[in-house]
Each structure stands twice: as structure tokens, then as C-alpha cells.
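**Q** need the 3D shape of this:
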Amino acid sequence: MSNTGNDEQMDVGSVVEAVSADHSFGAPLYAVESMCMRCGENGTTRFLLTLIPHFRQVLLSAFECPHCGERNNEVQFAGEIQPRGCSYRLDVSAGDEKIFDRQVVKSESATIKIPELDFEILPESQRGSLSTVEGILVRAADELSALQEERRKVDPKTAEAIDQFLSKLRSCAKAETSFTFILDDPAGNSFIENPHAPSPDPSMNIKFYERTPEQQAALGYLSNSSQSERDQVVAPSTTVPHGAIGAAAGHRAIAQSNSTDISDNLFRYTAPEEVMTFPSTCGACMKRCETRMFVTKIPYFQEVIVMASTCDDCGYRNSELKPGGAIPKKGKKIILSVRNIADLSRDVIKSDTAGVKIPELDLELAGGTLGGMVTTVEGLVTQIKDSLARVHGFTLGDSMDESKKNKWREFGSRLTKLLSLEEPWTLILDDELANSFISPVTDDIKDDHQLTHEEYERSWEQNEELGLNDIDTSSADAAYETTETTKLP
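**A** You can find the predicted model right below:
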């Protein structure tokens, strides 16, 4: 961070108050005199609260010592913790030097792994940083080698083993060997640049996941380790008769603990026969809350389970749509030709395993990118636009060259034009578990010529990712067949 000549020298307390204010753009640069941990003299730490376009609000700090030349920087996140954790997997090929220039945002809760070296950078070993793939590897190598001379005197065998490991790590940093770079952040505030944005990155895979109770506790959601156990007290579930909750009354009850979007869409098809209420744990504050569940049948689709939760303590609301019945033997691809305004109002149920494609834009989102949702075609396009802007950070930042900025602006304009229907376009939902749905506009789905369905056999790799290859039902099948045979006269 360069000195602009307008640095404001002040005490630490004043800086904390200043950066806590609501600044997004044009925030001043604050400077604080602080001690250098290398030479013990006083250096200068500069703070800047800024907003990375299409990413997060962050607090950047940079330290520089004029006496010994020590320099370091750190990034902390001033915004909220994201609803889900994120995991970036970057495949680095030998000789691919460009991939090392990718910008990396590592939060203070993120873990970096290189499986080929059995190497892991824990959150407490490196604070939050704004760097590149190469910068993170070089920094790790430098920190490991810092005390090698002392180790050689005290423990030569350990020092020799570390030297061998450092040789492998520096070989990776110089693109001499292939390896996998994994960035896993339960807070969801880390990021690896995609230079191909908004198109998919063939070298990178992004996954979002629900945090475990242990990860929630590490992020500070739990006041103590036993709180989650106390909150898990099992209470009897209650089933409210259809006459009390169901139909019109059920519409109101579910809407109170869920988004109006879901209740409006689902109740077009069939009212729930019964609503079950049972205690659960809030996904945000881990306090006890109430979850309501009902099973409903959507025509031309299948039986689904709708779950809605609300927390009285923190106000968190969440809704989930789960498929009912057996796992389909084949995957399904749903293809919709969008031609008029009515098509934008079609109901869409997208499961968390479904991928989204729009061929006219060369746009492809892998399964799990947007999670599961109940929306419309228009709502799905809006969600895609918001998601791309959030995931592919730095696209309009100062560090991006003008050609890439123009590429992103052009893509955003084309994505917006989809909703104006200046020309027809195609929406494809590819679901390996066939749990997604687009509503027809005709009474008989066969008469809707704009909507087509294609079934396909899942590959072994797809079944492996879904965990289906490890399912062994032979014992259950044998027991079932034995029972059926016994019943025969």
C-alpha cells in the first residue's frame, strides 16, 4: 500500500473508531505508529477500509519498518459471515506460470491445502491476506525456512526433513511440478480469481457447503462447547390436523416462517395434507428454533418435502425443498425455449445438484453453485447475475485490465437483455438426480412444445460424487424377497 502523502497519524483507538464507521468508497487512509516485531523499533501501520467490487467489504492493513525494511500486509473482513462455507479447488499444471498470478483472498478462518505434499496451512498459522497463488507458496516457504539454522544445531534430522520438504514446496512455487491448491473457508469469505469469468474455469472447481457445529463454534457462533448439546434436547413432534393447518390456514402458517416466494409457488399445485412441527437448531446462532415440514405432490413432477425454519432469537429464516421417494435411476436434462413474457413467469424448482446452462451466452454453472431454490425463470436469471457478481470478484477493480473489464460489462449487459426478450434464448437444467422441475404452460405437459425432457445414464464419476457407488442394498433386498416369499400361500 503506497503512501499517498495524506496519511493521518493518530492513535490506535481513533483508528478503530474511524474504520468502524460506514465507509465504502473514498475512505481515508489511516496511519498508526507500531512496533516492528523483527528489530523492535517503531514502524508504521496503515489501515484502509474499502469495498472490493463484486466481492466483500474488507479492512486492509500494511506495516512497514524504515529501520530494518520489514514489510507485511493483512486483510480482515468488515462485513458479515456468509450463509455457507466455500471450497476452491485449483488444479495447477507443471509449466503453467500464468496460474500463479491469480489473486487470492484468504480470510483468517481459511485453510490452504496441497494434498500432493500432505501440506496444510491452518487458519491460526497465517492471518488473512490478499496475495497470489505464488505469493502464498513463497510466504509459506520463507516462514518454514526462517529458523532452519537454529534447527540444524538442535535437531539436525528434523532440519534435514524440512529442507527436503522446502525443496518440493519451492518446486511447486516455480511451476516445475503439478499440484492441487485447495482453499477452504467455513466463513465463505475467501476467493480465488477466475480469469475466464464469466465463463467456467476449466482448472478450478468451487463448492459451497453447510457448516458443521464445530465450524460454527470456531467462528464464534457458540458461547461454549456444551451449548449445542443443551440445545439438542429432543422434544416430541406435533402433527396438526388438516382442518387446522392446511389449505388456507396452512398457507398463512407456512408463509409466516418462510419466504412468500415458496408459499406462493408451492400452493399453486396442492395444499399440504398435514404440517408437522418439531424442534431443531438454528443454522446461524445454534439456538433452539421451530421447523415445520409437509409433504406435497407437484403434478408432472414428484412428491417433495418442504421444510421451513424460523428462529425467534436472531430472526434467521431458512427454507429447504427435498425430493421424496427413491433416487431416480437416470439423470434428467430439462430444456426450455424462452420466447415470451409468459415463459419468464414459469415456476422453477432447482435442486442443489442441478447445473444451469444458457448456450446463447456460453454460460454454465456447475451443480451446487446456487443451491436449491424455488423461483421463476426470471428469478433464476436474476440469481445467476447476483451470484456471478459475488463469486467472481475483482472483475471491475483497479487491478483488472481494461479488456477484461469490458468483457465483464458486455456479459452483464447480455445477461440483462435475456429478461427483455429481444431474441429467444434457451434455459437448460441438468440434474444428475432428476430432482428439478420447470412448470408447463399447458394442461398436458406433452402439449408444451417449448419444454423438453431428456433422460440419461449417469457416469461412474457422477455416481461416485453422489455417493451412490458405495450403497449396498443386497442384504435389504434379500430380506425383502424372503419376507415376500414367506407371505405366499
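**Q** start to end distance for stretch 142-155?
**A** End-to-end span of stretch 142-155 (CA to CA, to the nearest Å): 19 Å.
**Q** who's in contact with that stretch?
**A** 158, 159, 162, 163, 165, 166, 169 (CB atoms under 8 Å, 6 or more residues apart in numbering). (Glycine included, C-beta is placed from N, CA and C.)
**Q** which of the residues you listed count as buried?
**A** Buried residues within the contacts of stretch 142-155, defined by neighbour count using 16 or more other CB atoms under 10 Å: 159, 162, 166, 169.
**Q** among those, which one sits closest to residue 96?
**A** residue 169 (17.2 Å; CB to CB).
**Q** tell me which element that closest one is part of?
**A** helix 156-173 (DSSP states H and E).
**Q** mind checking the end-to-end distance for stretch 371-382?
**A** First residue to last in stretch 371-382 (CA to CA) measures 14 Å.
**Q** what does stretch 277-286 give?
**A** 18 Å.
**Q** give the rounded mean pLDDT of that stretch.
**A** Across stretch 277-286, pLDDT averages out at 80.
**Q** in it, what counts as buried?
**A** Those would be 277, 279, 280, 281, 282, 283, 284, 285, 286, for stretch 277-286 by 16+ other CB under 10 Å.
**Q** check stretch 358-366 too.
**A** 358, 361, 363, 364, 365.
**Q** save these as a markdown table, and put in pLDDT, secondary structure and distance to residue 90 too.
**A** Converted to a markdown table, the buried residues of stretch 358-366 look like this (pLDDT from 0 to 100; DSSP: H, G, I helix; E, B strand; the rest coil; distance: CB to CB, whole Å):
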| residue | pLDDT | secondary structure | distance to residue 90 |
| --- | --- | --- | --- |
| 358 | 93 | strand | 25 |
| 361 | 88 | helix | 24 |
| 363 | 87 | strand | 21 |
| 364 | 85 | strand | 18 |
| 365 | 83 | strand | 18 |
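**Q** just the closest of those to residue 342, please.
**A** Nearest member of the buried residues of stretch 358-366 to residue 342, counting by CB to CB, is residue 358, at 18.7 Å.
**Q** nearest residue to the spatially most central residue of the chain other than its sequence neighbours?
**A** The centre of the chain sits closest to residue 208, judged by CA atoms, centre = their mean, with a distance of 3.2 Å. Once flanking residues are discounted, residue 208 sits nearest to residue 84: 4.5 Å by CB to CB, 6 or more residues apart in numbering.
**Q** the one you found and residue 344: what is the separation?
**A** 28 Å (CB to CB, to the nearest Å).
**Q** near residue 430, how many other residues are there?
**A** 21 (other CB atoms under 10 Å).
**Q** hmm, residue 213 is touching residue 285, no?
**A** No - in this structure, residue 213 is not within contact of residue 285 by CB atoms under 8 Å, at 12.0 Å.
**Q** and residue 276, what are its bridge partners?
**A** With DSSP bridges as the criterion, residue 276 is bridged to residue 239, residue 293.
**Q** among the buried residues of stretch 277-286, which lie within strands?
**A** 277, 279, 280, 281 (DSSP state E).
**Q** residue 177 should be in a strand, yeah?
**A** No - assignment of residue 177 by DSSP: H, G, I helix; E, B strand; the rest coil gives coil, placing it outside any strand.
**Q** sketch out the low-pLDDT regions of the stretch 351-489 of the chain for me.
**A** Residues of the stretch 351-489 of the chain meeting the criterion pLDDT under 70: 389-401, 473, 476-477, 479-489.
**Q** do you have the helices of it handy? List them.
**A** 377-391, 402-420, 460-466, 474-487 (DSSP state H, counting those that start in this stretch).
**Q** from the contact counts, what lies against the first one?
**A** Same thing as helix 377-391. helix 341-344, strand 347-350, strand 363-365, strand 373-376, helix 402-420 (3 or more CB pairs under 8 Å, 6 or more residues apart in numbering; DSSP states H and E).
**Q** try it again with 6 Å
**A** helix 402-420 (3 or more CB pairs under 6 Å, 6 or more residues apart in numbering; DSSP states H and E).
**Q** what angle do the helix it packs on and helix 377-391 make?
**A** Relative orientation of helix 402-420 and helix 377-391, computed by axes from the mean of the first three to the mean of the last three CA atoms, to 10 degrees: 160 degrees.
**Q** distance from helix 402-420 to the middle of the chain?
**A** 23 Å (CA atoms, centre = their mean, to the nearest Å).
**Q** if we can go back for a sec, turn the buried residues of stretch 358-366 into CSV, including distance to residue 309.
**A** Below are the buried residues of stretch 358-366 laid out as CSV (distance: CB to CB, whole Å):
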residue, distance to residue 309
358, 32
361, 35
363, 32
364, 32
365, 26
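**Q** what's the farthest-apart pair in those?
**A** Distances among the buried residues of stretch 358-366 were taken as CB to CB; the most separated pair is 361 and 365, at 11.1 Å.
**Q** quick one: residue 152 is in a helix?
**A** Yes - counting by three-state DSSP, residue 152 falls inside a helix.
**Q** and it, how far from residue 403?
**A** 50 Å.
**Q** who has more neighbours, those two?
**A** residue 152 (15 against 7).
**Q** for that one, give its distance to residue 142.
**A** Between residue 152 and residue 142 the distance is 17 Å, computed by CB to CB.
**Q** circling back: between the buried residues of stretch 358-366, which is nearest residue 59?
**A** residue 365 (30.8 Å).
**Q** what sits closest to the closest one if chain neighbours are left out?
**A** In space, residue 365 is closest to residue 356, 4.4 Å off (CB to CB, 6+ apart).
**Q** quick check, that neighbour in contact with residue 363.
**A** No - assessed by CB atoms under 6 Å, residue 356 is found out of contact with residue 363, at 7.7 Å.
**Q** flag the shaky bits of the stretch 201-350 of the chain, pLDDT-wise.
**A** The stretch 201-350 of the chain contains residues with pLDDT under 70 at 221-274, 299-300.
**Q** now the helices for it?
**A** Using DSSP H, counting those that start in this stretch, helices in the stretch 201-350 of the chain cover 213-218, 227-231, 247-256, 260-266, 341-344.
**Q** and the shortest one, what's buried?
**A** Buried residues in helix 341-344, defined by neighbour count with 16+ other CB under 10 Å: 343, 344.
**Q** from the chain's centre, how far out does that helix sit?
**A** 29 Å.
**Q** and what of stretch 413-425?
**A** 27 Å.
**Q** try stretch 440-450
**A** Worked out by CA atoms, centre = their mean, stretch 440-450 lies 35 Å from the chain centre.
**Q** got it, and stretch 453-467?
**A** Worked out by CA atoms, centre = their mean, stretch 453-467 lies 23 Å from the chain centre.
**Q** how far does it stretch from start to finish?
**A** OK, stretch 453-467 end separation, CA to CA: 25 Å.
**Q** okay, buried residues for that stretch please.
**A** For stretch 453-467, by 16+ other CB under 10 Å, it's 458, 462, 463, 466.
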